[in-house]
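> Sequence first, predicted coordinates after that:
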Amino acid sequence: MRSLLTLISDESLLNRIKLMLNDSTIKYYFAPTGEEAANIASANEIAVVILDYINPVMTGPEICEMILSYNPDTQLIMLFEEKYTKDVIEAYNELHINKLICKEHMVLEDVPSLIESCLYTYNRDEEIDKMDEHLSKLNDMYLHPMDEMSSILNERLIGYDNVIKVFKKSLHFTLDSSDAVLKSIDNYVDNIINDYIQLFMTNEPNISDYYEKISESFNDPEGRKYFKFVHDESEVSDDIKCDLLFALNVITKYFDTFYQYYRGKVTVALIEGSDSTYEINALYEVRKNLELTDIYDYAICIVNNILKLHTLNCKYGQKNSILQFKAVIGQNEEVTVQ
């Protein structure tokens, strides 16, 4: 509230003060007598009062007490003549008077800043309440979602650590391996870790774009790598989207990294009778890379261990040059791989 009540019996002084009162954000009231000041104060919220110590009928302190009875937070500015200094000091100590101005030393140009200071003091508690309310809203808008995001990020960091552990447990195998093996392993590890970061720790993936990218990335007829990707049009829930795409990457990049040639087909389909559980079926006919002969059992072990972290269950099978991975991704439903 920005309101000012003025009660000054000296008309000449009042007119000079009025010249200083030009703030359009303040509502001004002028009362010629204490009685009228009381009527204004009883009917309106008055933030600041400027009054003279000497007034007809009622004294300044009496008017102060009356105004404070209507609103004890009202800020009071009392004008006085130097000869009344002792009495004014007593009133200042007894009453809720904010400012004292001696008329003989009064600088009219300072009046607006004095009023503004009193308005600030009056509205300070209200502003603090508004700020508390605003901060509470900000907390609801930002901190709560941030807590949720932090929880999700912690879960994803745990998942990231688990992926790293899978590779670390198998490092002993690579120590005495050939340069070709080391290069292939390094390439696969780098790809899988980057995929994890992109899927789980940065932007939310667009599954349609991802499906299209998978279809294009692993079909290379000129390199004798033939690939077909089939998926249904059901909408994959956000809760399992990243796990599904990550499992697809783990499987498809395994074949692309470690086999010289292949013919592969990967199918993603909603399991019959389920609303949100999917099966990945990856079937490949492969030709091994002779330089990587010793790595295949190790590499399949890596793929299986990573899939176990991100699927409900998974299976791997092999017959001669035919390899198959099956994995189920969903929300903890009792579904087994057939």
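Looks like it came in fine. This one's a predicted model, so the numbers in the text were calculated from it and none came from an experiment.
> show me the contacts for Lys27.
Arg2, Ser3, Leu4 (C-beta atoms under 8 Å, 6 or more residues apart in numbering). Bear in mind the C-beta positions are built from the backbone N, C-alpha and C, glycine included.
> Now, the residues you listed that are in strands?
If you go by DSSP state E, the contacts of Lys27 have Ser3, Leu4 in strands.
> May I see the contacts of Lys27 organised as JSON lines, with distance to Val189 added?
What follows is those, written out as JSON lines (distance: C-beta to C-beta, whole Å):
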{"residue": "Arg2", "distance to Val189": "67"}
{"residue": "Ser3", "distance to Val189": "72"}
{"residue": "Leu4", "distance to Val189": "74"}
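> Of the contacts of Lys27 - the most surrounded one?
For the contacts of Lys27, counting by other C-beta atoms under 10 Å, the largest number of neighbours falls to Leu4: 21 neighbours.
> Wait, that residue touches Tyr28, no?
Yes. Look at Leu4 against Tyr28 with C-beta atoms under 8 Å: they come within range, at 5.4 Å.
> and for these two, which residues touch both?
By C-beta under 8 Å, 6+ apart, the residues touching both Leu4 and Tyr28 are Leu21.
> where in the stretch 201-338 of the chain is pLDDT low?
201-203, 294, 332-338 (pLDDT under 70).
> And the helices in it?
207-217, 238-258, 296-310 (DSSP state H, counting those that start in this stretch).
> Nearest to Ile271, out of those?
With C-beta to C-beta as the measure, helix 238-258 is the member of the helices of the stretch 201-338 of the chain nearest Ile271 (12.1 Å).
> What is the neighbour count of Asn93?
Neighbour tally, Asn93, other C-beta under 10 Å: 8.
> Kindly report the same for Glu285.
Glu285: 15 neighbours (other C-beta under 10 Å).
> The one 3 residues further on too?
A count of nearby residues for Lys288, using other C-beta under 10 Å, gives 15.
> go on, Glu222?
Counted by other C-beta under 10 Å, the residues lying close to Glu222 total 5.
> could you measure it against Pro56, distance?
Distance, Glu222 to Pro56, using C-beta to C-beta, to the nearest Å: 107 Å.
> domains of this protein?
Following automatic domain parsing, the chain resolves into domains at 3-132, 170-329.
> can you pull out the strands in the stretch 1-150 of the chain?
3-7, 27-30, 48-52, 75-80, 99-102 (DSSP state E, counting those that start in this stretch).
> other SSEs contacting the last one?
Applying 3 or more C-beta pairs under 8 Å, 6 or more residues apart in numbering; DSSP states H and E, one finds that strand 99-102 makes contact with strand 75-80, helix 85-94, helix 111-138.
> any idea how far it is from the chain center?
Offset of strand 99-102 from its chain centre (C-alpha atoms, centre = their mean, to the nearest Å): 49 Å.
> Within its sheet, name the partner strands of that strand and how each one runs.
strand 75-80 (parallel) (DSSP bridges).
> could I get the partner strand in PDB with only the CA atoms?
The C-alpha trace of strand 75-80 is given here as PDB (Å, rounded to 0.1, in the frame of the first residue of the first chain):
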ATOM      1  CA  GLN A  75       4.700   5.200   9.800                       C
ATOM      2  CA  LEU A  76       4.700   8.700  11.300                       C
ATOM      3  CA  ILE A  77       6.700  11.800  10.300                       C
ATOM      4  CA  MET A  78       6.300  14.600  12.900                       C
ATOM      5  CA  LEU A  79       7.200  18.200  12.100                       C
ATOM      6  CA  PHE A  80       8.100  20.500  15.100                       C
END
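> got a list of contacts for that strand?
8, 13, 47-54, 60, 64, 67-68, 88, 91-92, 95-103, 106, 114-115, 118-119, 121-122.
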